[in-house]
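Asker: quick one: sequence plus predicted model below, questions after.
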Amino acid sequence: MTTPEIVTARLVLRPPAEADAADALLMLRDLEVLRWNPAPLVVDLETAAAWCRRGADWSGGDHATWHAVEAKSGRLVANVSVFGIDSDHATAKVGYRVAPWARGQGFGSEALIAVTAWSFAERWLARIQLEHAVANVGSCHVATDAGYQLEGLLRSAFLDGDGVRHDEHVHGRLAVDQVP
């Protein structure tokens, strides 16, 4: 299975590429990413390139990963992955990271909206869920701006990169929900 390209007003979402390794490494070594959504095996350009290759490999059918690059500059600004795809129940989870140089500009929500729409249309999913630590306010803004409704709280469900436990918000989008 190949990853399709998705184009939005400001972004091109495409398969992760080895050429993204330098920006991916910078994003994944950012202190906020290390705390909330770490990729502990990524420590240098070689492991960042391997991480990009793994994201681009959809052959297992259980995930779909995109790198969101700014259309004007071509620079990586976010990554979004739909994972835990359960075709029998038409459900999945979604996660995302926004590069530190791109935060606060709406790129995360724009990418999440596009990937969610693709997942409903092309994978025939009925529900997509995401969780984030309550203390990760930026992730909550991305989720709600992308139309993911806050549905509940998971107590002490997340262990952050610093070894601290956090409650998590649970957000969900249904295929029948209004597009933001």
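Answerer: Structure received.

Asker: quick check: which element contains the residue minimising distance to the centre of the chain?
Answerer: The centroid of the chain falls nearest to residue 96 when counting by C-alpha atoms, centre = their mean (2.0 Å). Per DSSP states H and E: residue 96 is located in strand 91-98.

Asker: buried residues, the lengthiest helix in the chain. List them.
Answerer: Longest helix in the chain, counting residues (DSSP state H): helix 107-122. The neighbour-count check on helix 107-122 (16 or more other C-beta atoms under 10 Å) flags 107-120 as buried. From N, CA and C alone the C-beta is placed, and that goes for glycine too.

Asker: quick one on the thing from earlier: ok, now how distant is the residue nearest to the centre of the chain from residue 167?
Answerer: From residue 96 across to residue 167, the span is 20 Å (C-beta to C-beta, to the nearest Å).

Asker: now the buried residues of helix 107-122 in TSV, with pLDDT?
Answerer: Shown next, in TSV, are those (pLDDT from 0 to 100):
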residue	pLDDT
107	98
108	97
109	98
110	98
111	98
112	98
113	98
114	97
115	97
116	98
117	97
118	96
119	96
120	97
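
Asker: neighbours of residue 93, how many?
Answerer: Burial measure for residue 93: 17 neighbouring residues, criterion other C-beta atoms under 10 Å.

Asker: gap between the nearest residue to it once chain neighbours are set aside and residue 121?
Answerer: Spatially, and ignoring its direct neighbours in sequence, residue 93 is nearest to residue 84 (4.6 Å; C-beta to C-beta, 6 or more residues apart in numbering). In this view, residue 84 and residue 121 are 19 Å apart by C-beta to C-beta.

Asker: where does this protein have low pLDDT?
Answerer: Per-residue confidence for the chain (pLDDT under 70) gives these ranges: 1-3.

Asker: how about the strands in this structure?
Answerer: Taking DSSP state E, the strands of the chain run over residues 6-7, 11-14, 63-70, 76-86, 91-98, 127-133, 149-159, 165-174.

Asker: give me every residue that touches residue 26.
Answerer: For residue 26, the contacting residues are 99, 100, by C-beta atoms under 8 Å, 6 or more residues apart in numbering.
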